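>>> sequence plus the predicted model coming up.
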Amino acid sequence: MTLEALYSLDGKIALVTGATSGIGQQQALALAAAGAGVVAVGRRQDRLDALASHAQEQNLSLKTLAADVADHHQVEQVAADAIALFGQVDILVNAAGVNLRQSVDDITPESWDQTLNLNLATPFFLARACVNDMKKRGFGRILNIASLQSTRAFPNGLPYGASKGGITQLTRAMSEAWSSFGINANAIAPGFFPTELTAPVFGDDTLAERMAAQTTIGRNGQLDDLDGVTVFLCSHASGYITGQTLAIDGGFTAK
């Protein structure tokens, strides 16, 4: 296989959750630019419409699907609807997530369940709903979103950190369960990128500068820093990589 073919996603179909903003939206556009047909999933129809218009202007193959993947009763239908739109699903990117940033004393059973449900349970149930279709072609890529908090503790992030720690082990378990069928599962652990979830950081210049100083590169992430690794981990180029979590953090965890 040529280098160009290794990284090409022509003929592949990707289902991306959390596609109405931030990391998920960036990944959806990167996959489409690499040749994939993309089903972009999110709750906010106006954001989906704007994304679809942008993709059309760029001549990208992208369709949208409005759904709340935090509702487990919708997950199997989301997978079925995505398959119906393009005929198959080869790539699943689990980018939907929530971080409520509550102090330990403010965490309730409801807020705990909300965080663990969307960040940890939904990636599993949605992946399970997609893998049978991937097995038909002997090819699949599952890309989960871990975090700096998969391995480090931050204030006001206990449930979030627990969920993202779980993602690293879920990714290993997915690999054990499905990689023998050609379905590889990996995760990326982003550092600080400007998204809705990190608005409290980037809304405070002093805090943002402190986070940048913690990296070895000397800056915080830009969303297009995610493009190359997303395409790599969803393409044939990563055929012998599975069960891994790769930090995309400018060297934050190296210091």
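Arrived safely.
>>> show me the beta-bridge partners of Gly140.
Ile183 (DSSP bridges).
>>> pretty sure it contacts Ala127?
No - Gly140 lies out of contact with Ala127 (Cβ atoms under 8 Å); the separation is 9.0 Å. Every residue, glycine included, has its C-beta placed from N, CA and C.
>>> overlap in contacts, those two.
Applying Cβ atoms under 8 Å, 6 or more residues apart in numbering, one finds that Gly140 and Ala127 are jointly contacted by Leu92.
>>> tell me how many other residues surround Ile241.
By other Cβ atoms under 10 Å, 15 other residues sit near Ile241.
>>> for it, which non-adjacent residue is closest in space?
Asn186 (6.2 Å; Cβ to Cβ, 6 or more residues apart in numbering).
>>> just Gln214 next, same as before
That would be Phe252: by Cβ to Cβ, 6+ apart, it lies 5.4 Å from Gln214.
>>> ok, that neighbour - contacts?
148, 191-192, 211, 214-216.
>>> and those, which are buried?
148, 191-192, 211, 214-215 (16 or more other Cβ atoms under 10 Å).
>>> now the residue located most distally from the centre of the chain. Its backbone dihedrals?
Here the chain reaches farthest from its C-alpha mean at Asp105, the gap being 29.4 Å by Cα atoms, centre = their mean. Main-chain dihedrals, Asp105, degrees, to the nearest 10: phi -70, psi -20.
>>> picking that back up, so which of the contacts of Phe252 comes closest to Thr2?
Gly191 (32.7 Å; Cβ to Cβ).
>>> distance of the closest one relative to Ile23?
11 Å (Cβ to Cβ, to the nearest Å).
>>> likewise for Ile145?
6 Å.
>>> other SSEs contacting the helix or strand bottoming out on mean pLDDT in the chain?
Lowest on mean pLDDT, DSSP states H and E among the helices and strands of the chain sits helix 199-202, with a mean of 84. In terms of contacts (3 or more Cβ pairs under 8 Å, 6 or more residues apart in numbering; DSSP states H and E), helix 199-202 is packed against helix 205-213.
>>> and the next element down the chain from the helix it packs on?
helix 227-233 (DSSP states H and E).
>>> gap between that following helix and the chain center?
Offset of helix 227-233 from its chain centre (Cα atoms, centre = their mean, to the nearest Å): 11 Å.
>>> intersection of neighbour lists for Ile145 and Ile23?
95, 190.
>>> what about the stretch 151-255 of the chain, any weak spots by pLDDT?
Scanning the stretch 151-255 of the chain with the threshold set as pLDDT under 70 gives no residue ranges.
>>> for this structure, just list every one of the helices.
For the chain, the helices defined by DSSP state H cover 3-7, 22-33, 45-57, 72-86, 109-116, 122-137, 158-178, 199-202, 205-213, 227-233.
>>> got a markdown table for those helices, with distance to Gln244 too?
Listed next are these as a markdown table, based on distance: least, Cβ to Cβ, whole Å:
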| stretch | distance to Gln244 |
| --- | --- |
| helix 3-7 | 18 |
| helix 22-33 | 17 |
| helix 45-57 | 29 |
| helix 72-86 | 24 |
| helix 109-116 | 23 |
| helix 122-137 | 16 |
| helix 158-178 | 7 |
| helix 199-202 | 26 |
| helix 205-213 | 24 |
| helix 227-233 | 9 |
